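Enquirer: just need the structure, nothing else, for what follows:
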Amino acid sequence: MTAPQRHTLPVDVHLLLRRDGDRGPEVLLSRRAGPVYATGMWHLPSGHLEADEDFVEAVIREAREETGILIDTADVRAAVTVHHRPPRGSSSRIGVFFEVRRWSGRPRVTEPDRCDGMGWYALNALPAPMVAYCRAGLDAYRAGLPAAVHFQRPGDPVEHRDGGPGAGLEPGPGLEPGAGPRRTGIPRGTVGSAETRLVVVRGNSASGKSSVATGIRDRFGRGMALVGQDNLRRIVLRERDVPGGANIGLIDTVARHALDAGYHVVVEGILYADRYGDMLLGLLGDHRGVSRCYYLDVPIEETLARHASKTDPGLLARVTHRELRAWYRERDLLPGGVETVVGAHSALAETVGRIMRDTGLTELPARPD
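Expert: Predicted structure coming up:
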């Protein structure tokens with residue numbers, strides 16, 4: 001018996017070149033031009049996987065050809081895989097989106113016959129018109145989905161339209177929008193609900209994380225639980241910050257209990273990545289609702305200046321500049337690119353407002369008194 005021919009699909013690679021801008025995370029987009037598919041629409045730098053080429057080699061090559069930048073293999077991170085069927089023709093395809101946060105060179109238009117514009121755009125303020133396929137990948141990326149299905153029907157528009165045909169994003173089995181990064185072997189979607197919000201605010205001592213967390217709760221009102229590392233570690237347990245400390249599990253337990261009780265939760269603290277990372281990623285991965293992480297990036301000299309301006313003489317006596325320098329870790333980010341980095345220039349009210357908008361808390365009601 002003749003064996004049936006195996007089904008094959010074309011594979012695309014998409015470059016999610018990401019930086020932190022004044023409006024939040026930004027990605028590089030280019031506008032297609034000339035006699036190409038979706039001309040005049042915005043799209044990520046992208047292209048087809050070529051023979052004898054792996055995914056990473058392909059996205060590095062496309063980045064060089066389309067933007068002129070150079071990327072090291074170690075700086076490429078897989079972000080989202082989208083199974084897409086275009087509105088023209090019947091063949092579906094696989095698109096693999098790669099996040100890159102470090103590169104050499106300045107992005108520019110290098111193929112003017114195929115691209116007539118290029119620029120940085122905030123993830124929460126993407127331009128129009130945009131290719132629906134590309135927008136589906138970006139929506140999945142913003143929602144924390146590692147994979148999604150985006151099947152369009154014949155006759156659907158090529159461009160993304162809010163609420164219109166072809167704009168739908170369908171998570172695959174076991175993948176829920178807003179559930180955070182996936183961890184192998186961790187049950188997904190077991191904590192809280194689709195309506196609860198989880199915010200993690202990390203940073204060095206004197207970075208302003210406690211003020212931001214308190215500001216979020218004050219702005220929102222009742223129904224927001226504040227889970228502070230220092231309160232549970234120093235006050236409740238009177239424990240030093242050590243690897244494997246009891247406070248790690250206690251933070252996890254309190255946050256999960258509050259989410260299951262219907263509270264929104266802000267977890268804040270220094271929360272060193274090598275000690276608290278597994279716990280935080282597990283919590284994010286298990287949460288059913290929208291989860292967002294922020295890292296307050298304040299240089300050491302600004303940290304020392306902020307500490308010196310505090311009015312509590314007891315605190316100034318207990319915590320010296322030498323200790324602050326010993327505790328300080330530069331850009332101690334969680335793995336997987338799950339955090340938005342907030343610079344020292346962002347004022348308290350600006351940071352709180354940004355987080356409220358990013359998470360949709362501005363649209364949600366507080367609990368009645």
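
Enquirer: residue ranges with poor pLDDT in the chain?
Expert: Within the chain, the stretches with pLDDT under 70 are 1-3, 23, 89-90, 162-189, 307-308, 311, 314-319, 336, 369.

Enquirer: now do the buried residues in stretch 253-263.
Expert: Across stretch 253-263, burial judged by 16 or more other C-beta atoms under 10 Å covers 254-256, 258-259, 263. C-beta: built from backbone N, CA, C; applies to glycine.

Enquirer: which residues are in contact with it?
Expert: The contact list for stretch 253-263 (C-beta atoms under 8 Å, 6 or more residues apart in numbering) reads 191-193, 195-196, 198, 223-225, 227, 232, 265, 267, 283, 286-287, 289.

Enquirer: show me what contacts Leu232?
Expert: 247, 250-251, 254.

Enquirer: state whether it is indeed within a helix.
Expert: Yes: counting by DSSP: H, G, I helix; E, B strand; the rest coil, Leu232 is located in a helix.

Enquirer: would you mind measuring from it to Thr253?
Expert: From Leu232 over to Thr253 the distance is 10 Å, taken as C-beta to C-beta, to the nearest Å.

Enquirer: over to Pro313?
Expert: On the measure of C-beta to C-beta, Pro313 and Thr253 end up 35 Å apart.

Enquirer: ok, the buried residues of stretch 253-263 vs Leu70, which is closest?
Expert: Ala255 (41.0 Å; C-beta to C-beta).

Enquirer: can you tell me how far that closest one is from Asn247?
Expert: Distance of Ala255 to Asn247, computed by C-beta to C-beta: 12 Å.

Enquirer: any shared contact partners between these two?
Expert: Counting by C-beta under 8 Å, 6+ apart, nothing touches both Ala255 and Asn247.

Enquirer: if we can go back for a sec, just the buried residues of the contacts of stretch 253-263.
Expert: 191-192, 196, 198, 223-225, 227, 232, 265, 267, 283, 286-287, 289.

Enquirer: most widely separated two among these?
Expert: Checking the buried ones among the contacts of stretch 253-263 with C-beta to C-beta, the most distant pair is Leu232 and Gly289, at 22.3 Å.

Enquirer: tell me how far stretch 267-287 is from the chain's mean position?
Expert: 14 Å (C-alpha atoms, centre = their mean, to the nearest Å).

Enquirer: only alpha carbons, please: show it as CSV.
Expert: Output in CSV follows, covering the C-alpha atoms of stretch 267-287 (Å, rounded to 0.1, in the frame of the first residue of the first chain):
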residue,chain,number,x,y,z
VAL,A,267,3.4,41.1,45.5
GLU,A,268,6.3,43.4,46.2
GLY,A,269,9.9,43.1,47.5
ILE,A,270,13.5,42.8,46.4
LEU,A,271,12.7,39.2,45.6
TYR,A,272,16.0,38.1,44.2
ALA,A,273,15.6,36.2,41.0
ASP,A,274,17.8,33.3,42.0
ARG,A,275,15.9,32.8,45.3
TYR,A,276,12.3,33.7,44.5
GLY,A,277,12.2,33.2,40.7
ASP,A,278,10.8,29.7,40.6
MET,A,279,8.0,30.6,43.1
LEU,A,280,7.0,33.8,41.2
LEU,A,281,7.0,32.1,37.8
GLY,A,282,4.9,29.2,39.2
LEU,A,283,2.4,31.7,40.7
LEU,A,284,2.2,33.6,37.4
GLY,A,285,1.8,30.4,35.5
ASP,A,286,-1.0,29.2,37.7
HIS,A,287,-3.0,32.4,37.8
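
Enquirer: how about that stretch: buried residues?
Expert: Applying 16+ other C-beta under 10 Å to stretch 267-287 flags 267-273, 275-287 as buried.

Enquirer: inside strands: which ones of the residues you listed?
Expert: Mapping the buried residues of stretch 267-287 onto strands (DSSP state E) picks out 267-269.

Enquirer: export those residues as a markdown table, with columns for distance to Arg219.
Expert: Converted to a markdown table, these look like this (distance: C-beta to C-beta, whole Å):
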| residue | distance to Arg219 |
| --- | --- |
| Val267 | 17 |
| Glu268 | 15 |
| Gly269 | 20 |
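
Enquirer: and which of those residues is nearest Leu324?
Expert: Leu324 has its nearest neighbour among those in Gly269, at 15.5 Å by C-beta to C-beta.

Enquirer: how many neighbours does the nearest residue to that closest one once chain neighbours are set aside have?
Expert: Among residues not flanking Gly269 along the chain, Gln229 sits closest, at 2.5 Å (C-beta to C-beta, 6 or more residues apart in numbering). Gln229 has 22 neighbouring residues, counting by other C-beta atoms under 10 Å.

Enquirer: check contacts around Gln229.
Expert: 247, 251, 267-271, 276 are the contacts of Gln229 under C-beta under 8 Å, 6+ apart.

Enquirer: if you set the cut-off to 10 Å instead, what comes out?
Expert: The neighbourhood of Gln229, defined by C-beta atoms under 10 Å, 6 or more residues apart in numbering, consists of 202, 209-210, 241, 247-248, 250-251, 267-272, 276.

Enquirer: and if you look at Ile355?
Expert: Ile355 touches 24, 197, 199, 201, 212-213, 215-216, 219, 266, 292, 294, 340, 342, 361-362, counting by C-beta under 10 Å, 6+ apart.

Enquirer: wait, isn't Ala347 in contact with Asp22?
Expert: No: counting by C-beta atoms under 10 Å, Ala347 does not reach Asp22; the two are 11.8 Å apart.

Enquirer: got the buried residues for stretch 326-337?
Expert: Here stretch 326-337 shows 328, 332-334, 336-337 as buried, counting by 16+ other C-beta under 10 Å.
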